[in-house]
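S.K.: Next comes the sequence, and after it the predicted model I'd like to discuss.
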Number of protein chains: 2
Amino acid sequence: MTQPDMPTPPWERPPRRRTPARVPLSRERIVDAAYTILDREGYDGLSMRQVAAELGVAVSALYVHVRDKDELLQLMYNRTFEGYEIPEPDPERWREQVMDFARQARERLLSHRDLAKITMAHVPFTPELLPYVERLLAVLGAAGLPRRVLAISGDLLSTYINGFALEESLWQERYRETHDSWHKLRDEVNGYFASLPPDRFPNLVRLADIMMDESNDYRFELGVEIILRGLASYIGEPDPDEEHEAS
Amino acid sequence: MTQPDMPTPPWERPPRRRTPARVPLSRERIVDAAYTILDREGYDGLSMRQVAAELGVAVSALYVHVRDKDELLQLMYNRTFEGYEIPEPDPERWREQVMDFARQARERLLSHRDLAKITMAHVPFTPELLPYVERLLAVLGAAGLPRRVLAISGDLLSTYINGFALEESLWQERYRETHDSWHKLRDEVNGYFASLPPDRFPNLVRLADIMMDESNDYRFELGVEIILRGLASYIGEPDPDEEHEAS
DNA sequence: CCATACTATGAACACCGTTCATTCTCTGGG
DNA sequence: CCCAGAGAATGAACGGTGTTCATAGTATGG
């Protein structure tokens, strides 16, 4: 396309190379490849060698751009919430806003195989993640939660969301190995609960039909709802920390 | 002591060996050794070779008693709650009973380094664990929770407890590597929050002093309390599943 | 055009989980 | 008492892992 001996006009940056040749390695491309491997091979199959192979590159080349495998996982983690916008806090609608956040978070955690395993292994206090924590706290703060409740609510919610998604991915892993459908596994598990001796496990038998849902959506949202009700019960109360401050 | 050529009296079982010699390998001893390694080296240092070395035994000997490393981890997981007695359900005191359960569970999860990493990676539906799930459901059921709330409350609680303990162990890992005391790390982290630009992170700055507690006990229990309040709000309500059943 | 800085290479190291043919040890039966 | 056989333990091996490092290649600024 571009004739080689034409002078480059000053208003457009010169092409990096005459021929595009090889795209240079970069953190971005490494993380991309890592996600490809993660989706194809799962967490246990995610190795530096596989990532390098995916890029058609020597393993050691990765270490020019990335200190560690740990740093690579960190970068993958940071990308999890990239581009997600938590809305402006609206005290009237804080419950829906939080529920919406929870839904989107779960959706993202399930958007890549075993991603929940990665996020679970990292503390969410990296600079890239802090804005989301801040926004979530803003929504909750607008609801009028006391300081100490607010300070732990982020942890509480993210712990639940992560844990739920992780458990889901554990089940997915299990039926990836042995079964062919979520349906079948679900029925087997519920059937197992139903078959327990009713004298020793009355409650599990009684709940056997709803321990695992058709999809997990309802169970997930009910869990969030329970947390929301608990949080809401603190609105207007003073900080529950008097004897704690006093000590 | 025992004279070699004396006939063994029929009422006592013959000694296994003339000399005690080597204690034979067993699942129990392997799990013991695994816990020793876990405490000393952490999760990443827990390898079959290390466990074998701890027992003074060849690696391959382990595979006579244990199918997999995965099975070994499963056995370690099963031992987590061994011997813990959840009390008889008392509808008057269900909150205290659940709080007590949560406290004990966290205590056990923190009793071995990185143990939370192991429990997080397993679905809690092994035969050894089911009795504890059943007992917890019994306590919650006695409180009068609707069926669907009950069915998810176990998950909700255990997810929170596990997640909290895991996060604690991540921090412990971090200050094991770089710092010498929890005190110092805590101050640094809180100081970091306080130093954020207040216009972009008003909430984090505002909460900087209480984001991490002196010990985590108070934060943990407040989290459980929030969940308890949420659960309690459903007592007496009908099952929140009408439109769900209808669909 | 060359020197320099940066990138990529491949070989190597020290681990890891797992398997397998072999050896050892112990026990029960003749 | 001895011997056969079953079970347990061995050591070597295989293919994989994360990471390092001296070397080779390449692109860019002086």
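M.R.: Looks like it arrived, so ask away.
S.K.: report the angle between the axes of the longest helix seen in chain A and helix B:147-177?
M.R.: Secondary structure of chain A per DSSP state H: the longest helix is helix A:147-177. Here helix A:147-177 points in a direction 100 degrees away from that of helix B:147-177 (axes from the mean of the first three to the mean of the last three CA atoms, to 10 degrees).
S.K.: Can you get me a residue count around the residue of chain A found nearest DNA strand C?
M.R.: Across chain A, no residue is closer to DNA strand C than A:S60, which sits at 2.7 Å (CB to the nearest atom of the strand). The C-beta positions use only the backbone N, C-alpha and C, and glycine is treated the same way. Neighbourhood size, A:S60 [other CB atoms under 10 Å in any protein chain shown]: 9.
S.K.: where does it land in three-state SS?
M.R.: What DSSP: H, G, I helix; E, B strand; the rest coil gives for A:S60 is helix.
S.K.: For it, give its distance to DNA strand D.
M.R.: Distance of A:S60 to DNA strand D, given as CB to the nearest atom of the strand, to the nearest Å: 3 Å.
S.K.: how far is the longest helix of chain A from where the chain is centred?
M.R.: Distance of helix A:147-177 from the chain centroid (CA atoms, centre = their mean, to the nearest Å) equals 9 Å.
S.K.: cool, and stretch A:171-181?
M.R.: The mean C-alpha position of stretch A:171-181 is separated from the chain mean by 21 Å, CA atoms, centre = their mean.
S.K.: And DNA strand C, is that stretch touching that?
M.R.: No - taking CB under 7 Å from any atom of the strand as the criterion, stretch A:171-181 and DNA strand C are apart, separated by no less than 13.2 Å.
S.K.: how about stretch A:209-220, does it reach chain B?
M.R.: Yes - shown here: stretch A:209-220 in contact with chain B (CB under 8 Å from any CB of the partner chain) through A:210-211, A:218-219.
S.K.: and that stretch, how far apart are its ends?
M.R.: End-to-end distance of stretch A:209-220: 17 Å, with CA to CA, to the nearest Å as the criterion.
S.K.: what's the answer for stretch A:70-90, then?
M.R.: End-to-end distance for stretch A:70-90: 38 Å, by CA to CA.
S.K.: That one - what's its average pLDDT?
M.R.: Average pLDDT, stretch A:70-90: 95.
S.K.: what sits up against it?
M.R.: By CB atoms under 8 Å, 6 or more residues apart in numbering or on different chains, the surrounding residues in contact with stretch A:70-90 are A:27, A:30-31, A:34-35, A:38, A:48, A:51, A:62, A:66, A:97, A:100-101, A:104-105, A:108-109, A:115, A:118-119, A:121-122, A:126, A:128-129, A:132, A:135-136, A:138-139, A:141-142.
S.K.: how about the residue sitting nearest the centre point of chain A, what does it touch?
M.R.: For chain A, A:L109 is the residue whose C-alpha lies nearest the centre (CA atoms, centre = their mean; 3.3 Å). Contact partners of A:L109, counting by CB under 8 Å, 6+ apart, are A:80, A:115-116, A:119, A:161-162, A:165, A:169.
S.K.: give me that answer again for 7 Å
M.R.: A:115-116, A:119, A:162, A:165 (CB atoms under 7 Å, 6 or more residues apart in numbering or on different chains).
S.K.: Tell me the secondary structure at A:H112.
M.R.: Going by three-state DSSP, the state assigned to A:H112 is coil.
S.K.: how many other residues sit next to it?
M.R.: Neighbours around A:H112, by other CB under 10 Å: 17.
S.K.: before we move on, back to that, can I get the residues of stretch A:209-220 next to chain B in JSON lines including distance to DNA strand C?
M.R.: Below are the residues of stretch A:209-220 next to chain B laid out as JSON lines (distance: CB to the nearest atom of the strand, whole Å):
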{"residue": "A:I210", "distance to DNA strand C": "35"}
{"residue": "A:M211", "distance to DNA strand C": "29"}
{"residue": "A:Y218", "distance to DNA strand C": "36"}
{"residue": "A:R219", "distance to DNA strand C": "32"}
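S.K.: And those residues, which is closest to B:L55?
M.R.: Relative to B:L55, the closest of those is A:M211; by CB to CB it sits at 39.0 Å.
S.K.: my guess is the closest one contacts A:E188, does it?
M.R.: No - under the criterion of CB atoms under 7 Å, A:M211 makes no contact with A:E188, lying 11.8 Å away.
S.K.: how's chain A carved up into domains?
M.R.: According to automatic domain parsing, chain A comprises the domains A:27-79, A:91-236.
S.K.: Packed most tightly, which of the ones you listed would that be?
M.R.: Mean neighbour count (mean count of other CB atoms under 10 Å in any protein chain shown) peaks for domain A:91-236 among the domains of chain A, with a mean of 18.
S.K.: ends of that one, how far apart?
M.R.: When the termini of domain A:91-236 are compared using CA to CA, they are 13 Å apart.
S.K.: Can you list the low-confidence ranges for chain A?
M.R.: Along chain A, the model assigns pLDDT under 70 to residues A:1-22, A:241-247.
S.K.: Could you tell me which residues of it lie near DNA strand C?
M.R.: Chain A has residues A:24-25, A:57-61, A:64-65 near DNA strand C, with proximity defined as CB under 7 Å from any atom of the strand.
S.K.: And those, which is closest to A:D44?
M.R.: The closest of these to A:D44 turns out to be A:V59 (CB to CB; 17.8 Å).
S.K.: Wait, that closest one touches A:Q50, no?
M.R.: No - A:V59 is beyond contact range of A:Q50, at 9.5 Å (criterion: CB under 7 Å).
S.K.: before we move on, the earlier item: and the contacts of stretch A:70-90, which of them are in helices?
M.R.: A:27, A:30-31, A:34-35, A:38, A:48, A:51, A:62, A:97, A:100-101, A:104-105, A:108-109, A:115, A:118-119, A:132, A:135-136, A:138-139, A:141-142.
S.K.: Which members of the residues you listed additionally contact DNA strand D?
M.R.: Among the ones in helices among the contacts of stretch A:70-90, proximity to DNA strand D is found for A:M48 (CB under 7 Å from any atom of the strand).
S.K.: Without its sequence neighbours, what residue ends up closest to A:L38?
M.R.: A:L46 (5.1 Å; CB to CB, 6 or more residues apart in numbering or on different chains).
S.K.: mind listing what the one you found touches?
M.R.: Going by CB under 7 Å, 6+ apart, A:L46 touches A:34, A:37-38.
S.K.: So what does it look like in phi/psi?
M.R.: Reported as degrees, to the nearest 10, the phi and psi values for A:L46 are phi -80, psi 90.
S.K.: A:A121 now?
M.R.: phi -90, psi 10.
S.K.: Who are the contact partners of A:E41?
M.R.: A:Q50.
S.K.: Against chain B, how distant is the closest residue to A:Q104 other than its chain neighbours?
M.R.: Closest residue in space to A:Q104, ignoring its immediate chain neighbours: A:Y84 at 6.1 Å, by CB to CB, 6+ apart. Plainly put, A:Y84 is 17 Å away from chain B if you go by CB to the nearest CB, to the nearest Å.
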